[in-house]
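Colleague: Sequence first, then the predicted structure, then my questions.
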Amino acid sequence: QVQLVESGGGLVQAGGSLRLSCASSGRTFNNYAMGWFRQAPGKEREFVGGISGSGGTADVADSVKGRFTISRDNAKNTVYLQMNSLKPEDTAVYYCAGSLRWSSTSYKKDYPYWGQGAQVTVSS
């Protein structure tokens, strides 16, 4: 059974940092792209960023560019989302997602595997 488990969420003040981790089990995603999405209350789930299977290419949404970075350690089957300069509007549940494609996309339909989500709350 494939499992993606996020960790590292929590409460932080505006301007602070958090690092989310996503550990996979049940199958390896080392050759497949991984993505991060987030969903704020009353809003659609939106793309935050993605990273290719090798980790050589990583993209983030314009709304977080310059503040968030994505990386992966394939030896540990883990993907990371480093979030700096956090803003109250970054408050959301953050989801890790696994695809069966080499390159990441911003489309939820391209990710058949999802974690349970990690709450990130940024206070002003």
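Modeller: Thanks, I have the structure now. Numbering: from 1, shown residues only.
Colleague: can you tell me which residues contact the residue nearest the centre of the chain?
Modeller: By C-alpha atoms, centre = their mean, the chain has its centre lying nearest to W36, at 2.6 Å. Taking C-beta atoms under 8 Å, 6 or more residues apart in numbering as the criterion, W36 is in contact with 20, 22, 47-50, 70, 79, 81, 94-97. Yep, even glycine has a C-beta here, placed from its N, CA and C like the rest.
Colleague: now do 6 Å
Modeller: V48, G49, L81 (C-beta atoms under 6 Å, 6 or more residues apart in numbering).
Colleague: From what I see, the last one and L20 are in contact.
Modeller: Yes - checked against C-beta atoms under 6 Å, the pair L81 and L20 is within contact range at 4.3 Å.
Colleague: Strands along this structure, start to end?
Modeller: Along the chain, counting by DSSP state E, strands occupy 3-7, 10-13, 18-25, 34-39, 46-51, 58-60, 68-73, 78-83, 92-98, 113-114, 118-123.
Colleague: Mind putting these into JSON lines with mean pLDDT?
Modeller: Formatted as JSON lines, those follow (pLDDT from 0 to 100):
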{"stretch": "strand 3-7", "mean pLDDT": "95"}
{"stretch": "strand 10-13", "mean pLDDT": "98"}
{"stretch": "strand 18-25", "mean pLDDT": "96"}
{"stretch": "strand 34-39", "mean pLDDT": "98"}
{"stretch": "strand 46-51", "mean pLDDT": "98"}
{"stretch": "strand 58-60", "mean pLDDT": "96"}
{"stretch": "strand 68-73", "mean pLDDT": "96"}
{"stretch": "strand 78-83", "mean pLDDT": "97"}
{"stretch": "strand 92-98", "mean pLDDT": "97"}
{"stretch": "strand 113-114", "mean pLDDT": "96"}
{"stretch": "strand 118-123", "mean pLDDT": "98"}
